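**Q** build me a model from this:
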Amino acid sequence: MKIRTNKERWQSLLVKPIAIGLLAGFVSLFTSSAAYAVCVTGGPETLNLGGRNLIAYWDERDCGAQTVIKYRTSSNLGQTWSPVDTLVSSDTVGFIEQFEEVFIVGKRGKLAAVYIGIESGDPLFKLVTSSNYGRTWGSEIVAWDITVTIPTFIEFSGCPELSGESIPGSGVLSLLTTIVDAGGASAWIVTSRNSGLNWDAPIELAKLPAVCDGD
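**A** Residues are numbered from 1 along each chain as shown. Now for the predicted structure:
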């Protein structure tokens with residue numbers, strides 16, 4: 001089942017404000033001072049955050065292994081944008097297996113940027129949060145240290161490896177994945193009810209008799 005993303009949820013609201021912003025000065029979202037050869041490998045993704053607030057983000061890396069998620073924000077429907085800044089980077093948080101997306105998780109600009117990090121070879125669901133429409137971001141939070149729950153973890157199965165769903169304005173954010181361990185494949189979910197700050201214990205949703213990786 002395809003997880004509905006924030007991008008799809010807000011798609012109908014994005015067209016007009018983004019068009020206004022881009023036409024009102026031909027803003028270059030990708031203006032960056034990066035010293036390396038840049039490969040924009042993901043995005044841009046753009047969210048209407050309510051009112052006149054927007055955020056645009058993309059994966060800008062060194063054509064190699066380093067993931068660098070850059071972003072800009074606007075508070076006037078895209079007519080002007082903040083300077084390019086780094087949301088998360090492999091240089092500061094360690095290896096990023098997959099960056100999922102930015103979710104609207106609460107009222108008045110509460111956001112969560114979710115990704116899979118790798119520490120000492122072990123996978124973790126991680127995130128950083130913002131309470132001011134993405135203008136600034138807090139310290140990294142671990143939502144789930146997977147090998148603590150599943151010591152015989154072998155791999156993720158499926159593409160994407162991590163999916164998420166939020167209820168904007170409610171503070172509820174759920175992360176879902178399919179995992180293969182020594183006992184076979186199973187679907188898991190882990191949920192936060194306070195905008196990503198704290199997380200419930202992960203729940204195994206179902207044992208899966210067979211898993212086919214998506215392309």
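**Q** for the helix or strand where Tyr71 lies, packing partners?
**A** In this assignment (DSSP states H and E), Tyr71 forms part of strand 68-74. On a contact count with 3 or more C-beta pairs under 8 Å, 6 or more residues apart in numbering; DSSP states H and E, strand 68-74 meets strand 53-61, strand 85-89. Where C-beta positions appear, they are placed from N, C-alpha and C, glycine not excepted.
**Q** wait, is Asp91 part of a strand?
**A** No - Asp91: not assigned to a strand; according to DSSP: H, G, I helix; E, B strand; the rest coil it is helix.
**Q** and the contacts of stretch 182-194?
**A** 105, 112, 125, 143-144, 152, 154, 157, 171-179, 198-211 (C-beta atoms under 8 Å, 6 or more residues apart in numbering).
**Q** how about it: buried residues?
**A** 185-192 (16 or more other C-beta atoms under 10 Å).
**Q** how about stretch 81-89?
**A** Applying 16+ other C-beta under 10 Å to stretch 81-89 flags 81, 84, 87-89 as buried.
**Q** closest one to Glu101 out of those, please.
**A** Closest approach to Glu101 among the buried residues of stretch 81-89 (C-beta to C-beta): Leu87, at 11.1 Å.
**Q** which pLDDT value belongs to the closest one?
**A** Among the per-residue scores, Leu87 holds a pLDDT of 94.
**Q** dump the residue contacts of the closest residue to it other than its chain neighbours.
**A** In space, and not counting its chain neighbours, Leu87 is closest to Ile69: 4.2 Å by C-beta to C-beta, 6 or more residues apart in numbering. By C-beta under 8 Å, 6+ apart, the contact list for Ile69 reads 57-60, 86-89, 99, 113, 115.
**Q** and the residue nearest to the spatial centre of the chain, bridged to which residues?
**A** With distances taken as C-alpha atoms, centre = their mean, Glu101 lies nearest the centre of the chain, 2.4 Å away. Judged by DSSP bridges, the bridge partners of Glu101 are Val114.
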